[in-house]
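**Student:** Pasting the sequence and the predicted coordinates here, then a few questions.
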Amino acid sequence: MTSRKVGLTAALTVGPIAAWRFAQAYKARAGYPHRHPPADDPSALGLAFEELLIPSAGVDLPAWWIPARGGAPGPAVLLIHGWESARDRTLPNALILHAIGVHVLTLDVRGHGANPPEELPLTAGEFGEDALAGVRALLARPDVTAVGILGHSMGAIGALLAAASEPRVAAVVAASTPADPYRLTRQTFRLAKLPLPGPFAWPLAWLTTHVFLLPRGHTVRSVSATHAIGEYAGPVLLIHGADDRVVPFSHLATLEDAAQRAREDDPAAPDVEVLAVPGGQHSWLYEFAAYRGAVARFLTEAFGGPLAPDEAETIARATPATRLPQREHPFSSITPDEGGLRTLAKAIRMAGGAKVEQVETGGAAAPEVPA
């Protein structure tokens, strides 16, 4: 370990004051997403749509309603994007669902997309609250006969939180899901290549997580996907890329185990389905035919239509769902530039803490957005 790395580690472990300052700096860096307004709308994929506003805790969330089968009554799926993403990134999933006759509602989570910035740091709790608002908007529509949710990454946590709060959710697809807040915070340390040995990193992640959740009044339990999946008794499909470098593949097993334990005492509860995608990374899993087919089969089985599962799977596998041409951006909080976690040590020093050398990240940034 270099002398600079030793300096940072020492500063963070010599006492609670430095650790507290680190947690406060982390909250300031990682709690406010860079917003990326949608660059495309559903017409880019030939989909008819309607602009909507979905009210959620005093915020009107911009959304698109994408009807299928000419608007005939049928099941609908709410799409929830991830961190520093927006509803346009969900459009390939909308294309798949439209092809199998399922209506779609996709919205910008608060502090993201076309929404204004938030005054308080955002957590998975806000993803869950906005997902729940979307679900209830769908349940109120006369042309919707059943409601499912498909979420990605932070949006997948939000999907599970919403389903745990609303028993009328018929099915959940959760892709690339962080298992719990502690693991997610610890992983951001790794992505930023902060030189924190395990015996110190986990206590620091514990403190940082609690400090991060405090402004919104959340608890670790209330924003944990592991807890939520145990509370939701409906059908769940968990999908994870085997080569995910943002949310490690091990999170999948943690979630599956929690769900299966919760269902042991309820023989009537459906088993949790799991799809591991060989070669799949954190994002763009819809580009794999196995993903498209599994999602289509799972949802049509859960909804009881509108197509037979075999037919839906065949159609979905043949649907050309690929990422839209747009600028890709790394997770801003772990970039090597000013403002990312690389500068946390500097923030501590500027706050009046012990002398700390700036951490060396080797110029590394996340290979893709943890969205």
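**Tutor:** Happy to help now that I have it. Here the structure is a predicted model, which is why all the values come from computation and not from measurement.

**Student:** now the strands for the stretch 51-200 of the chain?
**Tutor:** 59-66, 74-80, 103-107, 144-152, 169-175 (DSSP state E, counting those that start in this stretch).

**Student:** which residues are contacting the shortest one?
**Tutor:** By CB atoms under 8 Å, 6 or more residues apart in numbering, the residues outside strand 103-107 that reach it are 52, 54, 61-68, 74-81, 87, 90-91, 93-94, 97-98, 130, 134, 137-138, 143-144. C-beta coordinates here come from the backbone N, C-alpha and C atoms, glycine included.

**Student:** Go ahead and build a ChimeraX selection from the buried members of those.
**Tutor:** Those of the contacts of strand 103-107 that count as buried under 16 or more other CB atoms under 10 Å are selected in ChimeraX with:
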select :52,54,61,62,63,64,65,66,67,68,74,75,76,77,78,79,80,81,87,90,91,93,94,97,98,130,134,137,138,144
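
**Student:** measure stretch 221-228 end to end?
**Tutor:** 8 Å (CA to CA, to the nearest Å).

**Student:** For that stretch, the averaged confidence score.
**Tutor:** For stretch 221-228, the mean pLDDT works out to 97.

**Student:** ok, and for it, which residues are buried?
**Tutor:** By 16+ other CB under 10 Å, the buried positions in stretch 221-228 come out as 222-228.

**Student:** Inside helices: which ones of those residues?
**Tutor:** Among the buried residues of stretch 221-228, DSSP state H puts 225-228 in helices.

**Student:** Out of those residues, flag the one nearest to V246.
**Tutor:** A225 (14.9 Å; CB to CB).

**Student:** okay, now R323: neighbour count?
**Tutor:** Neighbours of R323 under the rule other CB atoms under 10 Å: 13.

**Student:** swap that for G46, please
**Tutor:** 8.

**Student:** swap in the one 5 residues further on?
**Tutor:** Other residues lying near E51 total 9 when counted by other CB under 10 Å.

**Student:** That one against D60, yeah?
**Tutor:** No - checked against CB atoms under 8 Å, the pair E51 and D60 is beyond contact range at 11.6 Å.

**Student:** tell me the domain ranges of the protein?
**Tutor:** Per automatic domain parsing, the structural domains of the chain span 1-34+207-216+330-364, 36-180+220-328.
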